[in-house]
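1. sequence below, structure please.
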Amino acid sequence: MRFRFKTSKLQALYTSERDAHKYPPEVVDAFFKVMARIRAASDERDLYALKALRYEKLSGSWAGYRSLRLNRQWRLVVSSDEDEEGRYLLIESIVDYH
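-> Below you'll find the model as predicted:
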């Protein structure tokens, strides 16, 4: 599935692991595993099918966003958007969800 990053910091984390020290090592490892799953997915249905990711809609102040589980505490927050090439995920942030 196609994806883009909302911030250059997330892009740098993905491409060169810059600022990886700002997150626990297991969160960084999980981030790369989840990004590989996103890259391999045909569309959002594939992400829903991977139950361990807990791809779900968020509510409250996060309404309109979705999250994928990195571990019990951390989530990758995304939104779905569309351009002339079709739908893609916008990688919004990595958040400490608790």
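
2. pLDDT wise, what is the residue lying farthest from the centre of the chain at?
-> In terms of distance from the mean C-alpha position of the chain, residue 84 ranks first, at 21.9 Å (CA atoms, centre = their mean). Looking at residue 84, its pLDDT stands at 94.

3. that one and residue 2, how far apart?
-> Distance, residue 84 to residue 2, by CB to CB, to the nearest Å: 12 Å. (Glycine included, C-beta is placed from N, CA and C.)

4. pretty sure residue 76 sits in a strand.
-> Yes: under DSSP: H, G, I helix; E, B strand; the rest coil, residue 76 falls within a strand.

5. any idea which element the nearest residue to it once chain neighbours are set aside lies in?
-> The shortest distance from residue 76 to any non-neighbouring residue, by CB to CB, 6 or more residues apart in numbering, is to residue 68 (4.6 Å). Element membership for residue 68 (DSSP states H and E) is strand 66-69.

6. and that strand, what does it pack against?
-> strand 56-57, strand 74-83 (3 or more CB pairs under 8 Å, 6 or more residues apart in numbering; DSSP states H and E).

7. what residues does it touch?
-> Contact with strand 66-69 is made by 34, 38, 47, 52-58, 75-80, 95, 97, as judged by CB atoms under 8 Å, 6 or more residues apart in numbering.

8. repeat for stretch 43-59
-> Here stretch 43-59 makes contact (CB under 8 Å, 6+ apart) with 1, 34, 37-38, 40-41, 64-69, 77, 80, 87, 89.

9. 7 Å - rerun?
-> With CB atoms under 7 Å, 6 or more residues apart in numbering as the test, stretch 43-59 has contacts from 1, 34, 37, 38, 41, 65, 66, 67, 68, 69, 80, 87.

10. what number of residues lie near residue 94?
-> By the criterion of other CB atoms under 10 Å, residue 94 has 21 neighbours.

11. on the pLDDT front, check the closest residue to it other than its chain neighbours for me.
-> Nearest residue to residue 94, sequence neighbours excluded (CB to CB, 6+ apart): residue 76, at 5.8 Å. Predicted confidence (pLDDT) for residue 76: 98.
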